[in-house]
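> Okay, here's the prediction I keep looking at, along with the sequence it came from:
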Amino acid sequence: MVKTRMSDETTGDKWDTQGALINIKSGQYGRTYKVNINGSTVASFTTPDGSDKSHTTQIATDYIVSQLATQVSAKGYGIQQGSSWLYLYKSSTGSVTNTIQHVTVNSVAEQVDRFRGIKALYREVNGTNIAVSGTTITVYVHNLKGLGVVIGNNNQNLKNEIEGCRNRWWKVTERIVEDTENYTDIDYILEWGTISEEVTVTSNVNAIETVDVYDGYNNQAAFGILKSVQKFSMLPASAPDGFIVKVAGEAGSTTDDYYIRYDDTEKIWKECARPGILSGYELTSMPHILVRNSDGTFTMKKAEWSKREIGDDDSNPQPSFIDQHINDIFFYRNRLGVIAGENVILTRSADFFNFWMTSALEVQDTDPIDLAVSDNKIATLLHAVPYDETLGNVFFGEKCDSRKIKP
């Protein structure tokens with residue numbers, strides 16, 4: 001007989017990549033709103049003192065958010081803004097595959113942006129100036145084959161970057177004396193061909209490990225949210241789609257913790273499971289179902305048992321039959337029941353394949369039931385016999401100390 005067990009499937013660790021949420025709950029005159037990431041200040045804004053009527057607009061939550069967002073973005077973080085919140089996250093890190101094959105001018109912009117040290121915002125206008133580490137360069141379309149680059153201030157670092165592109169993505173040609181189309185001398189011409197290469201794109205900021213927000217108002221006007229909050233009221237009315245946070249409840253207790261995720265489609269916070277937690281059973285170890293086919297034959301197959309969708313191991317624990325042998329199955333009052341070890345476990349009412357709680361916030365009448373037998377000795381249950389819909393079932397177990405347990 002196989003012991004039941006959980007599968008390796010999890011709810012997905014959203015927190016590994018999720019950023020920080022700044023909730024500007026209210027705007028106050030003469031206060032400094034400051035955001036610290038990993039112990040360093042990344043944004044700060046002081047509201048006016050209210051001495052002029054024009055100051056009213058500058059204490060609006062969306063205005064404060066916009067002022068902080070500008071500074072956070074300048075520090076290299078990705079941002080998303082709401083009417084009263086700012087979401088900031090580490091820029092992408094990973095790899096992409098570049099295919100450079102006589103691409104359009106707009107696509108050239110993307111290639112230039114990934115071209116080693118040159119970070120460009122190029123559009124369809126020839127002669128666009130681009131600032132690179134304090135040096136101005138000029139990028140031109142050259143005969144629709146590549147990019148002409150004029151290096152300002154004879155910047156040696158930038159020259160080295162261009163030289164480093166030889167035999168990589170680009171064919172580099174030095175000293176194009178004159179480009180009559182664009183009326184200028186060009187130092188280098190970078191041409192592309194049919195080349196595909198995986199390029200690693202690395203963020204220039206660290207992962208967000210801590211977030212602290214100060215508002216000069218006893219920290220009641222703004223909140224920094226990374227993974228958890230003490231009260232639901234600390235959250236904004238809306239948030240980025242899929243943002244998950246734990247509401248911790250009373251200090252020192254974990255049984256009243258719950259997890260919520262913002263659903264941008266329904267515009268509400270919805271209860272969910274803790275990120276990264278085991279969510280489902282190993283179906284091969286669970287009871288199977290026997291299905292009668294239309295031709296009179298039967299098919300044995302795995303049942304589709306429901307997965308854990310809310311809570312964690314404290315608020316919505318695994319059923320007690322996990323890592324136990326299921327000795328018998330029975331049916332009672334519109335619930336499917338199993339016996340394993342000393343426990344009797346019943347599914348949700350009218351939901352025969354669900355052993356998980358409906359909500360971590362309250363116990364409902366339809367929730368699963370998981371009880372141990374009432375005996376002061378070890379009592380391993382082996383069989384369940386339906387007796388009466390009102391009186392219940394009779395359970396039989398092993399002998400214990402030469403004494404039969406009571407049904």
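Nice, I can see it.
> For the closest residue to residue 353 other than its chain neighbours, which three-state class applies?
Sequence neighbours aside, residue 305 is the residue nearest to residue 353 in space, at 4.9 Å (criterion: Cβ to Cβ, 6 or more residues apart in numbering). All C-beta spots, glycine's among them, are computed from the backbone N, C-alpha and C. What DSSP: H, G, I helix; E, B strand; the rest coil gives for residue 305 is coil.
> need the strands for the stretch 1-150 of the chain, in chain order.
20-24, 32-37, 40-46, 78-81, 85-89, 94-100, 128-132, 135-142, 146-151 (DSSP state E, counting those that start in this stretch).
> Against which helices or strands is the fifth one packed?
Of the remaining helices and strands, those touching strand 85-89 by 3 or more Cβ pairs under 8 Å, 6 or more residues apart in numbering; DSSP states H and E are strand 20-24, helix 61-74, strand 78-81.
> okay if I get these as TSV plus distance to residue 374 and mean neighbour count?
TSV is the format used below for these (distance: least, Cβ to Cβ, whole Å; neighbours: other Cβ atoms under 10 Å):
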stretch	distance to residue 374	mean neighbour count
strand 20-24	48	25
helix 61-74	57	18
strand 78-81	55	16
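> Compare these and report which one is nearest to residue 238.
Checking the helices and strands packed on strand 85-89 against residue 238 by Cβ to Cβ gives strand 20-24 as the closest, at 10.2 Å.
> what pairs with the closest one, and is each one parallel or antiparallel?
With DSSP bridges as the test, strand 20-24 is paired with strand 85-89 (antiparallel), strand 222-225 (antiparallel).
> CA atoms of the last one as CSV?
Extracted C-alpha coordinates of strand 222-225, given in CSV (Å, rounded to 0.1, in the frame of the first residue of the first chain):
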residue,chain,number,x,y,z
ALA,A,222,2.6,56.6,3.9
PHE,A,223,3.5,52.9,4.0
GLY,A,224,6.2,50.7,2.4
ILE,A,225,5.0,47.2,1.6
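> Now it: average pLDDT?
Model confidence over strand 222-225, given as mean pLDDT, is 96.
> Same check on the first one?
Strand 85-89 shows a mean pLDDT of 95.
> Name the residues that touch it?
If you take Cβ atoms under 8 Å, 6 or more residues apart in numbering as the criterion, strand 85-89 is touched by 17-24, 35, 37, 42, 65, 68-69, 72, 77-81, 208, 236, 238-240, 243.
> try the shortest one
For strand 222-225, contacts defined as Cβ under 8 Å, 6+ apart pick out 20-25, 33, 35, 211-215, 229, 234-235, 245.
> Ok, stretch 64-78 next?
Applying Cβ under 8 Å, 6+ apart, the contact partners of stretch 64-78 are 19, 22, 24, 27, 33, 35, 37, 42-45, 47, 58, 79, 81-86, 88-92, 203-205.
> Quick check: PyMOL command selecting the buried ones in those residues.
Those of those that count as buried under 16 or more other Cβ atoms under 10 Å are selected in PyMOL with:
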select buried, resi 19+22+24+27+33+35+37+42+43+45+47+58+79+81+82+84+85+86+88+89+90+205
